[in-house]
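Participant: no FASTA, just this:
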């Protein structure tokens, strides 16, 4: 099967969407499928090159084609639209050179928008949850969006309407997205994410540090302010604990400074370690050594960091939201707390640090659950099944005129 993904920032970021795309492409290529990834020629990450059966095709355009461009893009998502057009052109070019059986795009940057308008192959839209990874959590975001975001919202709506199948990363999120965008349940599917256990696995011989590890961008919707406000209480119980932050530092408009600066005001510098962005191999080493991994997000449609931590045998404290509930049952694989509550968060972290038997049983159960429910064999099998179903339905429906041609023909009549 020839499969094409659109993943704009695969050379620039190591976020959940980029990790999902690359690892799924790797697994599909290992099974003998041919995988193409359409990406922007921006960034210097080389982690996608040299994979069996996987080719990355770069599309580029001038980021600032004329003076004042950035001001227009702040009002109208012209940059997203331009990449979407470039990606569609590249897919049509690939289709002429090699038969593409199916195209999969994600909701991030609305990169599949233009292709969805005039597609020549079956088209699957994978919803990772961009619009809902906000501090508001699981509520319809439309009323809180500015003009530019509303345009993006409706671009997403159009893409959803044109897609043959919509897949989502968790049962909670598929239900939520279906309510917001009125998605027909017959074309929605749940395909859970997975983690590569060859990279993320426990090391039982390695002693645990007295540390609390946070993984992800340091921004408000990921709960970093909640964690910062809980650290003082944790230090009162465990004066020698280290708080380790692995992820990109971000400016927080809510407090008027960078996240690292805000966090550094809460506890002594000797209690803090800021790693910045790290490679998957470096991250796995920190998971294996940390006593507790904390995921205090306001909403997660899914959570790759949670799966990675579980696979490494970590005890986890996480917000009781979204796709995390598919991964962790309270007091089984970890502890769940309400989002945005520093007191509850600190209480749960202290409890895991104090209760070694609970910490160890949660870690053991987490490894077992990942191996049974969130492995790549299961992800690939489920994905290929949905691909096959989508292709069969597309072929059975017959060839349709591109939507941009139909108005012209109607005028001729």
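Facilitator: Great, that's in hand. Not measured: the values here are computed from a predicted model. Numbering: from 1, shown residues only.

Participant: what segments of the stretch 301-413 of the chain are strands?
Facilitator: 315-319, 334-337 (DSSP state E, counting those that start in this stretch).

Participant: tabulate those (JSON lines), appending distance to residue 223.
Facilitator: Heads up, the C-betas are built off the backbone N, CA and C, glycines and all. JSON lines is the format used below for those (distance: least, Cβ to Cβ, whole Å):
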{"stretch": "strand 315-319", "distance to residue 223": "6"}
{"stretch": "strand 334-337", "distance to residue 223": "10"}
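
Participant: winner for burial among those strands?
Facilitator: Across those, averaging neighbours per residue (mean count of other Cβ atoms under 10 Å) puts strand 315-319 on top, at a mean of 28.

Participant: list the contacts of that strand.
Facilitator: 223, 291-300, 303, 306, 309-310, 324, 328, 333-339, 345, 348-349, 352, 358-360, 362-363, 366 (Cβ atoms under 8 Å, 6 or more residues apart in numbering).

Participant: which intervals of the stretch 1-150 of the chain have sub-threshold pLDDT?
Facilitator: 47-48, 130-137 (pLDDT under 70).

Participant: all helices of it, in order?
Facilitator: 16-30, 69-75, 78-97, 113-117, 147-162 (DSSP state H, counting those that start in this stretch).

Participant: between those helices, which gets nearest to residue 8?
Facilitator: Proximity to residue 8 (Cβ to Cβ) singles out helix 78-97 among the helices of the stretch 1-150 of the chain, at 5.8 Å.

Participant: excluding sequence neighbours, find me the nearest residue to residue 309.
Facilitator: residue 293 (4.1 Å; Cβ to Cβ, 6 or more residues apart in numbering).

Participant: whoops, I mixed them up, residue 200
Facilitator: residue 311 (4.0 Å).

Participant: show me what contacts the one you found?
Facilitator: 195, 197, 200-202, 366-367, 370, 374.

Participant: which of these has the most neighbours?
Facilitator: The residue in the contacts of residue 311 with the most neighbours, by other Cβ atoms under 10 Å, is residue 366 (27 neighbours).

Participant: bridging residues for residue 106?
Facilitator: Beta-bridge pairing for residue 106 (DSSP bridges): residue 126.

Participant: and residue 216, what is it in contact with?
Facilitator: Residues in contact with residue 216 (Cβ under 8 Å, 6+ apart) are 222, 224, 246-247, 295, 297, 305.

Participant: wait, residue 142 sits on residue 152?
Facilitator: No: applying Cβ atoms under 8 Å as the test, residue 142 and residue 152 come out as separate, 11.1 Å apart.
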